[in-house]
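# please find the sequence and the predicted model below.
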Amino acid sequence: MPDSVINLLLLTGAFAAMEGVAILSHKYVMHGFLWCWHESHHSPRQGIFEKNDLFAAIFALPSIAMIYLGTNGNPRLLWVGIGIALYGLAYFVFHDVIVHRRIRTRYKPKSGYMRRIVRAHWVHHATRTKAGAISFGFLYSRPVDVLLAERKRPQHRTPPRESTPSPP
């Protein structure tokens, strides 16, 4: 198999695997023992940055390490690092630009896919608590009607919010 095909497979595989890493870390780390950082993201932002932004630095470390190792001895790891970095870029554009509008844009989701993942993220933000949240993915989501039905189950009910954020 040509090197270019292997490199492309490594890049796309790393990118795809990062969605699983994101789901698990969002559910068990951010809504788990590091809620003290992530809580800032479920509350109104006070300024440009929030504690939750520290996760970006942590999640960049594996990409930086793979790119470093890939340029210093193991070229295959370079493509893994690039795949992780591209996932980080896609996450930033989707989450911070499209959903939360931390950078102003006129983009309006038109495709069914984009509308679904944006709405799913707002369903996730329907709670400001550590518990009771659903829909932990970023680039994949179950259909919104399925998420809303899950949200109505007793184990996901949380006290009513003072105000519900509305999607852009």
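Looks like it arrived, so ask away. All values reported here derive from a predicted model rather than from experimental measurement.

# quick one: list the elements packing against the longest helix that the chain contains.
Residue-count comparison of every helix in the chain, with assignments taken from DSSP state H, identifies helix 3-25 as the longest. Packing contacts for helix 3-25, counted by 3 or more CB pairs under 8 Å, 6 or more residues apart in numbering; DSSP states H and E, involve helix 75-91. C-beta coordinates here come from the backbone N, C-alpha and C atoms, glycine included.

# tell me how far the helix it packs on is from the chain's mean position?
With CA atoms, centre = their mean, to the nearest Å as the basis, helix 75-91 stands 15 Å off its chain's centre.

# now the angle from the longest helix of the chain to helix 75-91?
Taking axes from the mean of the first three to the mean of the last three CA atoms, to 10 degrees, one finds that helix 3-25 is oriented at 50 degrees with respect to helix 75-91.

# use 53 as the first number from now on
With 53 as the first residue, the last one maps to helix 55-77.

# which is the succeeding secondary structure element to helix 55-77?
From helix 55-77 onward toward the C-terminus, using DSSP states H and E, the following helix or strand is helix 87-90.

# contact partners of the next helix or strand after that following helix?
Next in sequence after helix 87-90, counting helices and strands by DSSP H and E, comes helix 106-123. With contacts defined as CB atoms under 8 Å, 6 or more residues apart in numbering, helix 106-123 is touched by 66, 77, 82, 86, 89-90, 128-134, 136-137, 140, 144.

# go again with 10 Å.
Under the criterion CB atoms under 10 Å, 6 or more residues apart in numbering, residues 62, 66, 70, 73-74, 77-78, 81-82, 86, 89-90, 92-93, 126-140, 143-144, 148 lie in contact with helix 106-123.

# check stretch 65-73 too.
Contacts of stretch 65-73 with the rest of the structure, by CB under 10 Å, 6+ apart, involve 77, 111, 114-115, 118, 129, 131-143, 189-192.

# show the buried residues in these.
77, 111, 114-115, 118, 129, 131-140, 143, 189-191 (16 or more other CB atoms under 10 Å).
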